[in-house]
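Undergrad: mind looking at a prediction? Sequence and model below.
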Amino acid sequence: INTIAPTQPGKGQWVYRPVVSHYEFKSSDEDPRSGSQTWWTNHISYGLSGDMSLMFHFSEIWDNLGDEDHSGLGDGVLTFKWRCFQLDTGPVDSLRIGIFGGLELPTGSDAFSSNETSPFIGASIMSIQGRHGIGQSVSFLATQGRRFDPVLAGDTTANLLKFDTAYLYRLYPETYGDTLEGAWYAGCEFNGRWESNSDLLLMLSPTLLYEAPYWAAELSVGIPVYERVTDRPKLEVVVRVGVRFLF
C-alpha cells in the first residue's frame, strides 16, 4: 500500500484507486496536541504505453487535532512513471525496475496546502518468485513550502527522503490455473521517513491484499517503532484501507 511498485496500467487503460488513511496522534513534549486526521485520497492512473504511465492524486482531509475541527484539500500530486527494465522468467516470476518523478501542486487550501510547487524523484524495484514478492522504493522531495500547521513528514520546509520495503506472500491459490481467479496475500512493510531537519520516523505495517483480475482491496496498519520529530505531534498508529479498479 505504501511502497511504490514499478507496475502500471497497460496502454490506454485506467486505474482508479481510492484510499482512506486514518492517523491517530499522541501528545509529546514537542507538541501537546492529540487527536486524529483522516485522508480520503483519490489516485487516477493512465497507461501511456506498456512501460509508461501518468498518475494524479488529490486528498480531502478532516482534522480534529487541537481545539477545532476543520477540513480541506491537500496538495495534488502529478507523477510520471517509467518501467525501464523487466525480466520475466515464468508465468508469474518477474524482476522489474522503474523510475518516477513529478510535482506536488498547491490547491490554495490554507490549512493543508503548502502553497508552493515541490518536485520529487524516485526509483523502485520489485521481484516476484513463486508465492513470494518483495519490493523497494525510495524517493526524494525537494520541499519548497510548508503547511500552516505541520502534522506529517513533508509538511515543513525540510526536504523529505522516503524509503519503503514491502514483502508479500500469496496465501491462495498455491498455484495459478488456466482461468483468471482472485488471490489472497499477507505481508509486512518497513516504512521510513527522514527529513533534512533530522526528523525520523520508522514504521512496521502489516498488510493484507486481495487481488482479482479487474479490482483489488487492501488493508494496512502502520505502527511506529522509532520516532524523533519536532514541531508536530507524534504518530501513534495509521490505518489504511483502499480499493483499485482497472478499466
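TA: That came through, no problem. Numbers count the residues shown, from 1 in each chain.

Undergrad: what strands line up against the one helix or strand residue 222 maps to, and which way round?
TA: Using DSSP states H and E, residue 222 sits in strand 215-228. Partners of strand 215-228 in the sheet, by DSSP bridges, are strand 200-211 (antiparallel), strand 234-246 (antiparallel).

Undergrad: wait, which of those strands is closest to residue 39?
TA: strand 234-246 (9.0 Å; Cβ to Cβ). For the C-beta atoms, the positions are set from N, CA and C on the backbone; glycine is no exception.

Undergrad: centre of the chain to that closest one, how far?
TA: Its chain's C-alpha centre and that of strand 234-246 lie 9 Å apart, by Cα atoms, centre = their mean, to the nearest Å.

Undergrad: flag every buried residue along that strand.
TA: 234, 235, 238, 240, 242, 244, 246 (16 or more other Cβ atoms under 10 Å).

Undergrad: closest to residue 8 out of those residues?
TA: The closest of these, once distances to residue 8 are taken by Cβ to Cβ, is residue 246, at 10.9 Å.

Undergrad: any idea which of the strands paired with strand 215-228 gets closest to residue 16?
TA: strand 234-246 (4.9 Å).

Undergrad: what's the helix or strand for residue 194?
TA: Assigned by DSSP H and E, residue 194 falls in strand 183-195.

Undergrad: parallel or antiparallel, list what pairs with that strand.
TA: Counting by DSSP bridges, strand 183-195 is paired with strand 160-172 (antiparallel), strand 200-211 (antiparallel).

Undergrad: could you save those strands as CSV and add columns showing distance to residue 100 and mean neighbour count?
TA: Below are the strands paired with strand 183-195 laid out as CSV (distance: least, Cβ to Cβ, whole Å; neighbours: other Cβ atoms under 10 Å):
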stretch, distance to residue 100, mean neighbour count
strand 160-172, 12, 18
strand 200-211, 21, 18
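
Undergrad: format these as JSON lines; extra columns: mean pLDDT and distance to residue 32.
TA: JSON lines is the format used below for the strands paired with strand 183-195 (pLDDT from 0 to 100; distance: least, Cβ to Cβ, whole Å):
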{"stretch": "strand 160-172", "mean pLDDT": "97", "distance to residue 32": "24"}
{"stretch": "strand 200-211", "mean pLDDT": "98", "distance to residue 32": "19"}
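
Undergrad: mind putting the ones you listed into TSV with distance to residue 229?
TA: Listed next are the strands paired with strand 183-195 as TSV, based on distance: least, Cβ to Cβ, whole Å:
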stretch	distance to residue 229
strand 160-172	12
strand 200-211	7
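
Undergrad: so which of those comes closest to residue 105?
TA: Across those, closest to residue 105 is strand 160-172 (Cβ to Cβ), at 16.0 Å.

Undergrad: beta partners of residue 242?
TA: residue 19, residue 218.

Undergrad: is it true that it touches residue 20?
TA: Yes. Using Cβ atoms under 8 Å, residue 242 is in contact with residue 20, at 7.2 Å.

Undergrad: right, and the strands paired with strand 215-228 - which one's nearest residue 14?
TA: Per Cβ to Cβ, nearest to residue 14 of those: strand 234-246, 7.5 Å.

Undergrad: contacts for the closest one?
TA: Residues from elsewhere that reach strand 234-246 (Cβ atoms under 8 Å, 6 or more residues apart in numbering): 1-2, 9, 13-28, 30-31, 152, 201, 203, 205, 213-224, 227.
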